[in-house]
Structures are given as C-alpha cells and as structure tokens.
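Asker: Below: sequence and its predicted model.
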Amino acid sequence: MRVALTGGGGFIGSHVLARMVGAGMDVTLLGPETGHCRYAASLVASGQVRHLRCDSTFRDADRLRDALGPVDAVVLLGYVMPGASGAARLAEEIELNVVPLSRLLRALDGCSHFVFASTLEVYDGGEVDGDEPGPVTAFGFAKLTAERMLRVFAPASTATILRYASVYGPYEPERRAIPRLIRDALAGTPLLLDSDGSEERDYLHVCDAAAATIAAVDRKADGAYDIGTGMATRTLDLARTIGELAGAKARPVSRAPVEGESRPPRLVAATRRAQEELGFAARRHLVDGLKEEIGWIRSQPAPKVGVALAATA
C-alpha cells in the first residue's frame, strides 16, 4: 500500500509512521521537514521512507501530484500550533491550518481515500456524546471547517474523519496539559489548572490513536468517527491521579482561564461506531498510560528556563 502522510514527525504522526513501516507500507512524508522526531528523520536518511519537501502552507502544492504519483491513501495529521490565544486564535487557525489544507486537497484531487485527524472539540460539550457538531473553541471550529472542506474538495473520495479525544503519552509536546502537570508534580510545585477542574475529558493513549489511524487506512470507511475510550475523567481528578503516581505532596490549584477562551464542559467519545465500522477499541488504561508518560518525562532533561508551557486540551 502506498501512503502519503503529513505530520509524520509529530506526536501522533511518529507513532503512526512506525506502525506503517512495520506493516510494510510504502510511505512518503509531505512537508517542509521531517519534524522533531529523530525516528522519522532516521527513516528518511536510510531510504526506508521518502520525504517530499514542500512549503508548510502548501503554496507549492501543485507540483506534488506529479512528484508524488498515485497513492492508495493520504493521511492528514499535520497541524501548526497558532501563537495567538483568545479571540485572535481563530484567524490563525484558519490561516495556518485550514487554508493550506484547501491547497493540498486541490493538488491531490483524484486520490481515492483521505484520512483526516479531527477532534472531539467539534462538539459543544453538551450532555449527549457524539451529537451534532457545534464547536465553542477556535480549534474545534477550524477542525470542523476542515472536515466540511474535505467533502467539498474531494466529493468523489472516501473520507475517514477521526475525531480524537485528548491524546497523551510519551513524546507529548511540553506545552500540553498532562506533561505540564507531570513536571509540576515531579518538581514539587503546585499542579496548576486552567479552570476549576470540573470539566470532563476522554483521555486516549497515543498508541491507541495510532491504532485507530491504521484501522482507518485499512478499512477505508467513509464518515466521521469518535476515537476515544468512552470514559470521562474530570480535570481535577486527572491532576490528583498524576500527583499520586508521581509522589507529589502539593495539591492541584485552580486558576482563572485565559480571557476570551471557552472550554466545553464535557468531551467524551461515543465509541460504538468506531468499534463496529473500524474494528477499533482503545486498550490502554489511563493509569497505566500516565505511569508510562511519567517515566518518560523523568528520563528527559528539564525544559529551559523561560520556556512557556501553556496548557492545551
């Protein structure tokens, strides 16, 4: 199977890439560089994976079709984190992620199968999990826009949309909530929350996220699928669990959220459809996954002084 992959050197993408190579897939990475993952770079250097270099905004995407050749699937995991927060973030989400995707989709018109990484944040966090989309965050709005754009630019293609829960695990970026809480716990400082901790999230281990992505490539199912465990965990309980596992003495401390940003009260995957049509069910228990990530962070050097570790869902 020939696969083109964006974001193959990222957090989720590097795990997906490892599984693709292990399954014997012929993989071509698309993007300006191989990403922060040394594993991806080593595969390219050894010739096991191709790297088709292109601009991060895909302004030069028109040349990709001939250079890439026919592929069985295009897996879209690439994402550029905006620098802005609050109301200004939406404009950057559109500029950095939605517009470049439109260019890539136009260039790859004719591909029979797309797999797109979306998020549970396309929902409003109401009582009914897996309900109709109604995002209240800039990230969720941009992802939902990209989902619908995929249908417009590739109407004849099969599109598997994966709405991931909150993915965590080894190699998770330091700016995200769980690594920040773990470092707080290991340093003996208060575990700072960006809310009162009452919101509920579904936490999905990165190995399970990768397994769901490979299942999507194999099954070629058409539609949107919630990818998670189906289990809700309050942010406050998550912080307490991290503190206990890391041996922290300090308790979690809540703080006011960033002005202009909203936070859905509950985002939990409705897993039935993914089980039935993708054959996917999450296997990693949250406590086991957190132990693994704590061990990984213990082995890493502390972040440089002055590096901001902003929490993200």
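Answerer: Okay, I see it.

Asker: Thought A282 was touching D208, still the case?
Answerer: Yes: D208 is in contact with A282 according to C-beta atoms under 8 Å; the separation is 4.3 Å. Quick note: C-beta positions are derived from backbone N, CA and C, even for glycine.

Asker: For this structure, which segments are assigned as helices?
Answerer: 11-22, 38-46, 64-68, 89-93, 99-107, 138-153, 177-187, 206-219, 235-246, 272-273, 286-298 (DSSP state H).

Asker: More neighbours: D208 and A282, which one.
Answerer: A282 (26 against 23; other C-beta atoms under 10 Å).

Asker: Local confidence estimate at that one?
Answerer: Predicted confidence (pLDDT) for A282: 98.

Asker: how about it, what does it touch?
Answerer: The contact partners of A282, by C-beta atoms under 8 Å, 6 or more residues apart in numbering, come to 204-205, 208, 228-230, 271.

Asker: again, only this time at 10 Å
Answerer: Neighbour list for A282: 165, 202-205, 207-209, 211-212, 227-231, 269, 271, 274-275, 289 [criterion: C-beta atoms under 10 Å, 6 or more residues apart in numbering].

Asker: Report the buried members of those residues.
Answerer: By neighbour count, with 16 or more other C-beta atoms under 10 Å, those hold 165, 202-205, 207-209, 211-212, 227-231, 269, 271, 274, 289 as buried.

Asker: May I have stretch 207-216 as CSV, with CA atoms only?
Answerer: Extracted in CSV, the C-alpha atoms of stretch 207-216 (Å, rounded to 0.1, in the frame of the first residue of the first chain):
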residue,chain,number,x,y,z
CYS,A,207,-0.7,4.1,20.8
ASP,A,208,-4.5,3.7,20.7
ALA,A,209,-4.7,6.8,18.5
ALA,A,210,-2.2,5.3,16.1
ALA,A,211,-4.0,2.0,16.0
ALA,A,212,-7.3,3.8,15.1
THR,A,213,-5.5,5.6,12.3
ILE,A,214,-4.1,2.5,10.8
ALA,A,215,-7.5,0.9,11.0
ALA,A,216,-8.9,3.8,9.1
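
Asker: Now for this structure, the helix or strand with the poorest mean pLDDT.
Answerer: The helix or strand of the chain with the lowest confidence, counting by mean pLDDT, DSSP states H and E, is helix 64-68 at a mean of 84.

Asker: now for it, which elements pack on it?
Answerer: When contacts are defined as 3 or more C-beta pairs under 10 Å, 6 or more residues apart in numbering; DSSP states H and E, helix 64-68 sits against strand 2-6, strand 26-31, strand 50-53, helix 99-107.

Asker: Minimum distance to L64: which of the ones you listed has it?
Answerer: helix 99-107 (5.0 Å; C-beta to C-beta).

Asker: List the buried residues in that closest one.
Answerer: 100-105, 107.

Asker: Tell me where the model's unsure across the stretch 1-150 of the chain.
Answerer: 126-131 (pLDDT under 70).

Asker: any idea how far K249 lies from K291?
Answerer: 19 Å (C-beta to C-beta, to the nearest Å).

Asker: So which of the two has more stuff around it?
Answerer: K291 (14 against 7).

Asker: I'd like to know how far the closest residue in space to that one that isn't next to it in sequence sits from H15.
Answerer: Distances taken as C-beta to C-beta, 6 or more residues apart in numbering put L245 closest to K291, at 5.8 Å, once the chain neighbours are dropped. From L245 over to H15 the distance is 22 Å, taken as C-beta to C-beta.
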